[in-house]
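Colleague: coordinates only, sequence not included:
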């Protein structure tokens, strides 16, 4: 602990956590600008070395990272919910360091492409399987796969030209620049991961403005990111919204990336109030800088009818509850609308199961600022279509029935970012017809395009067939789609691009513009498709080869805290001798 505290003191002494003064901002940006070209022209070898140093800097402060995040979010000390903070914090950042290093080591000739299985989709598009890749992937993500679907026009023959294009050409031609990253306030690895993308893929140095909600995490992030700070390619800044506005218009800032709300994006690009509306109508930007963004969505979980057993209902009830209550609902891909088939016999038992799990699992406050007001506003707008699910010491969950008149107000048109769940029922003469209808409804009726989940029994998958399912998925316009999984998996995988479905504009930004993560540096991507096991081990053996028991990110996992730490330590120093403890805790979960 003394080493951790010493590294914090050193980071603060070096100005790494940035004071909220304009003079301090000016100095930090000037220091970054002076290093911009040198960093842009640095080679893969130097970047690999930096990534190794980041791994070493992270481990001594990983536990404190989790402790601070848990305290900020009202998680009781020793709670299994600390596992969420391990997996979405230090583990995710460590995984990204490894993924970028793997790509950079094989950058000559883009050799990493050799390990990406390719297939042609019914649409003619190219799909690349990016997970599993290694033996450890097959063990830790047993039964989970991830494909990246490329945009039309990218083919097997021209793929190389669409991979790591920012690394093509002579290093001396790379100019770099200063990127302002406006960090999110919910998941603690978002901002560090956005910084890595800017540094490794776009060759830019970074001014990271922390969200005030996570201000207390500044010193531990400064320690974890110290190798970048020492090189002068990263500065961590604190401050409020006005400070962020100052930074966004600073003459030394070249590009901006924001993870947050659409209103913040529009304020940066178009201005405030009536002036902003007039500017947007006229196409007159107040900020000419390139702005990329990830801005959340109204994310659906589509439940396809099929021969669900009681065990299937129980497991998927935990799954749906996790999609809603992970991080107390403060996730950009939290399930906001549950789409169910009318007349399906398992629908009511499933809803009862979801309610029973939610009543007891994921117990913590609605910790993110403004949550209570947003929940009240939604409940008032829905009127008689709303109800509340009591959850003991946790805040009651707002439930909205979209089949009732006027219930859509405040639900379909914007992200709740709170413990709120809506229900929509659609006709289901058969599974495929229902799925088509659900896809059309989500595309037309829900704000944003970040993530969508589909829960579908293996027997129904077999009946529909791979080709027809791929054709259906091609119509579902979301940046990440999870089949029998949660799109949050896509966020945690550095190999997959993370962001909205392509096509949004600054005038209608919805879930944002551009992608981050994407450690294989794939250009012109369209979406990520995650496939996960239908059932936990050992029931999963009926449907395929997987050893994954209850996933550690489930809010019901009884050993998530232990598993999160063990998995992070394993990622840092993989060894066969560490696997038995991981397996034991996984099975006890």
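Modeller: Great, that's in hand. Fair warning: this is a prediction, and the values are worked out from it, not measured in the lab.
Colleague: Quick test: name the residue nearest the centre of this protein.
Modeller: Geometric centre of the chain, nearest residue: residue 491, 3.1 Å, by Cα atoms, centre = their mean.
Colleague: Please identify which helix or strand holds that residue.
Modeller: Counting by DSSP states H and E, the element that carries residue 491 is helix 488-492.
Colleague: which neighbours does the helix or strand following that helix have in its sheet, and in what orientation?
Modeller: Using DSSP H and E, the helix or strand that follows helix 488-492 in sequence is strand 497-499. Partner strands and pairing direction for strand 497-499 (DSSP bridges) are strand 515-517 (antiparallel).
Colleague: residues making contact with the partner strand?
Modeller: Identification of contacts with strand 515-517 by Cβ atoms under 8 Å, 6 or more residues apart in numbering yields 96, 193-194, 197, 257, 292, 294, 479, 491, 493-499, 525. C-beta: built from backbone N, CA, C; applies to glycine.
Colleague: Of all the residues in that strand, which ones are buried?
Modeller: Buried residues in strand 515-517, counted by 16 or more other Cβ atoms under 10 Å: 515-517.
Colleague: Can you give the distance of the helix or strand following it from its chain's centre?
Modeller: Using DSSP H and E, the helix or strand that follows strand 515-517 in sequence is strand 525-531. Remark: strand 525-531 is offset 13 Å from the chain centroid, using Cα atoms, centre = their mean, to the nearest Å.
Colleague: for strand 525-531, packing partners?
Modeller: Secondary-structure packing of strand 525-531 (3 or more Cβ pairs under 8 Å, 6 or more residues apart in numbering; DSSP states H and E): strand 145-150, strand 480-483, helix 488-492, strand 497-499.
Colleague: between that strand and strand 145-150, how many degrees?
Modeller: For strand 525-531 against strand 145-150, the angle between stretch directions is 160 degrees (axes from the mean of the first three to the mean of the last three Cα atoms, to 10 degrees).
Colleague: Other residues contacting strand 525-531?
Modeller: For strand 525-531, contacts defined as Cβ under 8 Å, 6+ apart pick out 125, 127, 144-151, 473, 478-485, 487, 489-490, 496-498, 501-502, 515, 518.
Colleague: helix, strand or coil for residue 206?
Modeller: strand (DSSP: H, G, I helix; E, B strand; the rest coil).
Colleague: Does it have any beta-bridge partners, and if so which?
Modeller: Note on residue 206: beta-bridge partners by DSSP bridges are residue 179, residue 234.
Colleague: now the contacts of strand 525-531: which count as buried?
Modeller: For the contacts of strand 525-531, a burial check counting by 16+ other Cβ under 10 Å picks out 125, 127, 144-150, 473, 478-485, 487, 489-490, 496-498, 501-502, 515, 518.
Colleague: Counting residues, which helix of this structure comes out longest?
Modeller: What stands out as the longest helix in the chain, according to DSSP state H, is helix 44-72.
Colleague: For the next helix or strand after it, which outside residues touch it?
Modeller: Downstream of helix 44-72, the next assigned helix or strand under DSSP H and E is helix 82-86. With Cβ under 8 Å, 6+ apart as the test, helix 82-86 has contacts from 62, 65-66, 69-70, 73, 75, 188, 326-327, 552-553, 555, 557, 559-565, 567-568.
Colleague: buried subset of those?
Modeller: With burial judged by 16+ other Cβ under 10 Å, the buried subset of the contacts of helix 82-86 is 62, 65-66, 69-70, 73, 75, 188, 326-327, 552-553, 555, 557, 559-565, 567-568.
Colleague: In three-state terms, label residue 397 for me.
Modeller: Using three-state DSSP, the structure places residue 397 in strand.
Colleague: who's it bridged to?
Modeller: Bridge pairing for residue 397 - DSSP bridges - gives residue 389.
Colleague: what about it, neighbour count?
Modeller: 24 (other Cβ atoms under 10 Å).
Colleague: do residue 472 as well
Modeller: With other Cβ under 10 Å as criterion, residue 472 counts 17.
Colleague: tell me the pLDDT at it?
Modeller: Looking at residue 472, its pLDDT is 98.
Colleague: One more: the one 10 residues further on?
Modeller: Note on residue 482: pLDDT of 98.
Colleague: And residue 5, by the same measure?
Modeller: At residue 5, pLDDT is 43.
Colleague: picking that back up, would a markdown table of the helices and strands packed on strand 525-531 with distance to residue 358 be doable?
Modeller: Converted to a markdown table, these look like this (distance: least, Cβ to Cβ, whole Å):
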| stretch | distance to residue 358 |
| --- | --- |
| strand 145-150 | 28 |
| strand 480-483 | 20 |
| helix 488-492 | 17 |
| strand 497-499 | 27 |
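Colleague: Compare the ones you listed and give me the one nearest residue 201.
Modeller: Set against residue 201 and scored by Cβ to Cβ, the helices and strands packed on strand 525-531 come closest in strand 497-499, at 10.5 Å.
Colleague: what pLDDT, on average, does the closest one get?
Modeller: The average pLDDT within strand 497-499 is 98.
Colleague: Stretch 185-201 too?
Modeller: 98.
Colleague: helix or strand right after the helix or strand bottoming out on mean pLDDT in the chain?
Modeller: Ranking every helix and strand in the chain by mean pLDDT, DSSP states H and E puts helix 2-13 at the bottom, with a mean of 45. Per DSSP H and E, the first helix or strand lying C-terminal to helix 2-13 is helix 22-40.
Colleague: Go ahead and name everything in contact with that following helix.
Modeller: 15, 18, 171, 174-178, 199, 203-207, 231-235, 237, 239, 243, 246-247, 250, 252-253.
Colleague: Flag every buried residue along that helix.
Modeller: Buried, per 16+ other Cβ under 10 Å, within helix 22-40: 24-25, 28-29, 31-33, 35-37, 39-40.
Colleague: ok, so of those residues, who is nearest residue 416?
Modeller: Looking at these and their distance to residue 416, the nearest is residue 25, at 33.3 Å (Cβ to Cβ).
Colleague: Show me what the mean pLDDT comes to for the helix or strand containing residue 319.
Modeller: Using DSSP H and E, the element containing residue 319 is helix 310-325. Helix 310-325 comes out with an average pLDDT of 98.
Colleague: moving C-terminal of that helix, what's the next helix or strand?
Modeller: According to DSSP H and E, the helix or strand after helix 310-325 is strand 335-341.
Colleague: what does the next helix-or-strand element following that next one contact?
Modeller: Using DSSP H and E, the next helix or strand after strand 335-341 towards the C-terminus is helix 347-360. Residues outside helix 347-360 that contact it (Cβ under 8 Å, 6+ apart) are 303, 308, 310, 313-314, 316-318, 320-321, 324-325, 338, 340-341, 389-392, 397, 423, 425, 555-556.
Colleague: Just to be sure, residue 367 is in a helix?
Modeller: No. Using three-state DSSP, the secondary structure at residue 367 is coil, not a helix.
Colleague: and it, how far is that from residue 46?
Modeller: For residue 367, the distance to residue 46 (Cβ to Cβ, to the nearest Å) stands at 40 Å.
Colleague: Ok, residue 553 next?
Modeller: In this view, residue 553 and residue 46 are 34 Å apart by Cβ to Cβ.
Colleague: Residue 537 now?
Modeller: In terms of Cβ to Cβ, residue 537 sits 43 Å off from residue 46.
Colleague: try residue 437
Modeller: 53 Å.
Colleague: Show me which of these two is the more surrounded one.
Modeller: Taking neighbours as other Cβ under 10 Å, residue 437 and residue 46 compare with residue 437 leading, 17 against 14.
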